[in-house]
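Participant: okay, here's the prediction I keep looking at, along with the sequence it came from:
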Amino acid sequence: MSNTRTITALLAFVATFIFSAGLVRIIFPVPVVKYVYTERQRTFERRSSNDIEAFLLRDIRNGEERQDYRYADDYAGEVMDYWKASSNMDASRFPQDFQDAWRVHMQAWGDYAVYLQDKKASNRNYSCGLEKRYNAEINRTWEEVLRIGRTYGAYIRQ
C-alpha cells in the first residue's frame with residue numbers, strides 16, 4: 001500500500017506541475033521576437049567600405065604628386081593644389097562620422113596650405129614649430145579618418 005501512495009503522490013505532483021506550467025504560459029505568453037535580417041546591412045557595409053577605401057586611395061594619389069615637390073620652390077602651390085583637389089572630393093555618400101572627420105582633416109590641410117602661401121609671400125621668417133604643429137594636426141586628423149574608416153571595414157596600408 002505504501003508503494004501505491006508514493007506513486008499516486010508522484011503522479012499528482014507531475015500533473016500539478018504540468019498544469020501550472022501551462023497556466024503560466026496562458027497568463028504570461030512568450031514575447032514575440034522580431035527577427036532582424038543583417039545580411040543586407042553587411043552587404044551595405046561591404047559596399048560602403050569599398051567606397052571609403054577607394055575614396056581614401058584617391059586622396060592618397062592626390063597627395064603623391066605633392067610628395068615629389070616637398071623641397072621644390074613651389075611646394076606651397078603643390079600643397080594648395082592637393083588641398084583643392086582632395087577637399088573637392090564628395091564625401092556626402094558616407095556615414096556622418098566619416099564625413100565630419102574628413103571635413104576636419106581637410107580643414108587642417110587648408111590651414112597648412114594658407115600658412116605655406118603666407119610664408120612664401122612674406123619676407124618674415126616663420127618658426128619651424130608652427131609648421132610642426134600644422135603637420136601634427138594633419139597627422140592627428142588623418143589617423144582619425146583612418147580609424148573611422150576602419151570601423152566601416154576600410155583598411156588602408158601605409
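Facilitator: Thanks, I have it. Just so you know, these numbers come straight off a predicted model, no measurement behind them.

Participant: poorly predicted segments of this structure, please.
Facilitator: Applying pLDDT under 70 to the chain flags residues 1, 32-49, 65-73, 123, 158.

Participant: try it again at 90.
Facilitator: Across the chain, the ranges flagged by pLDDT under 90 are 1-7, 9-12, 14-15, 17-51, 60-79, 115-132, 151-158.

Participant: quick one, what contacts Asp97?
Facilitator: Neighbouring residues of Asp97 by CB atoms under 8 Å, 6 or more residues apart in numbering: Ile148. Just so you know, the C-beta spots here come from the backbone N, C-alpha and C atoms, and that holds for glycine as well.

Participant: that one and Tyr112, how far apart?
Facilitator: From Asp97 across to Tyr112, the span is 23 Å (CB to CB, to the nearest Å).

Participant: now Thr4
Facilitator: Taking CB to CB, one finds Thr4 at 95 Å from Tyr112.

Participant: for Val30, same thing?
Facilitator: 61 Å.

Participant: who's more crowded, these two?
Facilitator: Set Val30 next to Tyr112 and count neighbours by other CB atoms under 10 Å: Tyr112 wins out with 22 against 6.

Participant: right, and that one touches Asn139 too?
Facilitator: No: assessed by CB atoms under 8 Å, Tyr112 is found out of contact with Asn139, at 11.0 Å.

Participant: count the neighbours of Thr8 for me.
Facilitator: Thr8 has 10 nearby residues by other CB under 10 Å.

Participant: buried residues, the host helix or strand of it. List them.
Facilitator: Secondary structure from DSSP states H and E places Thr8 in helix 2-27. In terms of neighbour count (16 or more other CB atoms under 10 Å), helix 2-27 has no buried residues at all.
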